[in-house]
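In: When you get a sec, could you give me coordinates for this:
(one chain, ligands or ions: 1)
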Amino acid sequence: MFERYEQLKKILGVDYPILLAPMDLVAGGRLAAAVTDAGGFGIIGGGYGDETWLREQFAAAHGARIGVGFITWSLSRQPHLIDVCIEHSPAAIMFSFGDASKHIERVKKAGILAICQVQTAAMAREAVSQGADIIVAQGAEGGGHGVACGTISLVPTVVDAVGEKVPVVAAGGIADGRGFAASLALGASGIVLGTRMYASEEAIGHDDAKRRIVECTGGEQTIRGILFDIARDNVWPAPYTGRVLRNEFSEKWLGRDLELFQHRAEKTRYSSARENHDYETAAVIAGESAALIHEVSPAKLIVENIVREMDAILGYSLTRKIVR
Ligand SMILES: Cc1cc2nc3c(=O)[nH]c(=O)nc-3n(C[C@H](O)[C@H](O)[C@H](O)COP(=O)(O)O)c2cc1C
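Out: Sure thing, here's the model as predicted:
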């Protein structure tokens, strides 16, 4: 456990192997810099790829040592965004959802770490064969898009599949020190925080969206599916679905995907709800770990609390040298 944790710290150049999830339009430069400043590794959520937004977020990070993440199938439609990133010398670029082989080569040539977020052992093996430096194993509890396998069995499966050389980071359902300690016990070298960091002061999300995360008291108040993607005319390639908080809209349309697909008026209503931050209609993208989040906090405090809790569970064996 100790070696894997230390290995990832060294590779990322951080005090704690806690990675900010590259949440599209939520993880901006300010949040990424705050996570790095707290001793973790901040990653800007480049998402589908908006060059102007990306440049603004690099500026907002004020030169902090950070990474940037993309939705790979979307990035492949505008590969020049890799050049925009290289201009800003991020420490890492994270690829999620789709074949990143072409991009990994370019990124590594520029001396940038390639992080690949995967959802199956087969995807992990493929990413390692393509040159990934770090694998993120993302379980289905997580907020946002992913696949069906849960974190607790996925992480050790991926660790076994990739072997010792490439560190595996656990993602999906982790929001406190218990999740961190459990991830390390599963063989992970570190963790990714998505939903927990959405409910941070520095995240770009609307206050009402953050409040809904805090108010969520159980994972059953989230739902995995494609309704919200249908509603916003953004249907993803198979096998990806997404996890969001349940609301009036999801209850109304549950099991009626095809009907919604053809319902122009509902899509228009959904679009204006997004603009007006009406979260009984527009989805708040968040995972089951929302149930573990009780307040919106500064990113630094979130990192500190998680490390302190993890330390207490593991008897301070990781963050303090034991003198025998
Ligand atoms: C609001 C939100 C937006 C997300 N957007 C992206 C994204 O653009 N790209 C990506 O790779 N992952 C995205 N994710 C998934 C995260 O990378 C990560 O796997 C997930 O948040 C981990 O689970 P957790 O939410 O339980 O921490 C998003 C997650 C959330 C909550």
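In: For the ligand, what is the nearest residue in the stretch 151-300 of the chain?
Out: Relative to the ligand, the nearest point of the stretch 151-300 of the chain is G194 (1.8 Å; Cβ to the nearest ligand atom). Quick note: C-beta positions are derived from backbone N, CA and C, even for glycine.
In: tell me which parts of the stretch 51-200 of the chain are close to the ligand?
Out: Residues of the stretch 51-200 of the chain lying close to the ligand (Cβ under 6 Å from any ligand atom) are 69, 71, 96, 117, 138, 141-144, 171-174, 192-196, 198.
In: where does the nearest residue to the residue of the stretch 151-300 of the chain closest to the ligand once chain neighbours are set aside land on pLDDT?
Out: Of all residues not flanking G194 in the chain, A21 sits nearest, at 3.4 Å (Cβ to Cβ, 6 or more residues apart in numbering). pLDDT, A21: 98.
In: can you pull the contacts of A21?
Out: By Cβ atoms under 8 Å, 6 or more residues apart in numbering, the contact list for A21 reads A27, I43, G45, G69, G142, G143, G144, A171, V192, L193, G194, M197.
In: If we use 7 Å, what do you get?
Out: A21 sits next to A27, A171, V192, L193, G194, M197 when contact means Cβ atoms under 7 Å, 6 or more residues apart in numbering.
In: since we're on the residue lying closest to L81 once chain neighbours are set aside, how many residues are nearby?
Out: Computed as Cβ to Cβ, 6+ apart, the closest residue to L81 that is not its neighbour in sequence is G49, at 5.0 Å. Counted with other Cβ atoms under 10 Å, the neighbours of G49 add up to 20.
In: For my notes, confirm G49 occurs in a strand.
Out: No. With DSSP: H, G, I helix; E, B strand; the rest coil as the criterion, G49 is located in coil rather than a strand.
In: Out of the residues of the stretch 51-200 of the chain next to the ligand, which sit inside helices?
Out: T195, R196, Y198 (DSSP state H).
In: Kindly reformat these as CSV containing neighbour count and pLDDT.
Out: Shown next, in CSV, are these (neighbours: other Cβ atoms under 10 Å; pLDDT from 0 to 100):
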residue, neighbour count, pLDDT
T195, 31, 99
R196, 30, 98
Y198, 28, 98
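In: Make CSV out of the residues you listed and add distance to T151.
Out: Converted to CSV, these look like this (distance: Cβ to Cβ, whole Å):
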residue, distance to T151
T195, 13
R196, 14
Y198, 18
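In: before we move on, back to that, among the contacts of A21, name the buried ones.
Out: Neighbour-count burial (16 or more other Cβ atoms under 10 Å) applied to these gives A27, A171, V192, L193, G194, M197.
In: Out of the residues you listed, the closest to T319 would be?
Out: L193 (17.2 Å; Cβ to Cβ).
In: Spit out the contact partners of the closest one.
Out: I18, L20, A21, I174.
In: Could you check how many residues crowd around the closest residue in space to the second one that isn't next to it in sequence?
Out: Once flanking residues are discounted, L20 sits nearest to V35: 4.3 Å by Cβ to Cβ, 6+ apart. The criterion is other Cβ under 10 Å. On that basis, V35 has 28 neighbouring residues.
In: quick thing: my sequence starts at 11, can you match it?
Out: Right, with 11 as the first residue, what we last looked at is V45.
In: Can you tell me the element V45 falls in?
Out: helix 39-47 (DSSP states H and E).
In: State whether E319 is indeed within a strand.
Out: No. E319: not assigned to a strand; according to three-state DSSP it is helix.
In: Please name the nearest non-neighbouring residue to it.
Out: The nearest residue in space to E319 (Cβ to Cβ, 6+ apart) is G187, at 2.2 Å.
In: you'd agree the one you found is up against Y326?
Out: No. The pair G187 / Y326 is not scored as a contact, 11.9 Å apart, by Cβ atoms under 7 Å.
In: Pick out whichever of these two has more residues nearby.
Out: The residue with more neighbours, out of G187 and Y326, is G187; 18 against 13, by other Cβ under 10 Å.
In: Mind jotting down where the strands sit in this structure?
Out: 28-30, 53-57, 77-81, 102-106, 123-128, 144-148, 154-156, 178-181, 200-203, 232-235, 251-255 (DSSP state E).
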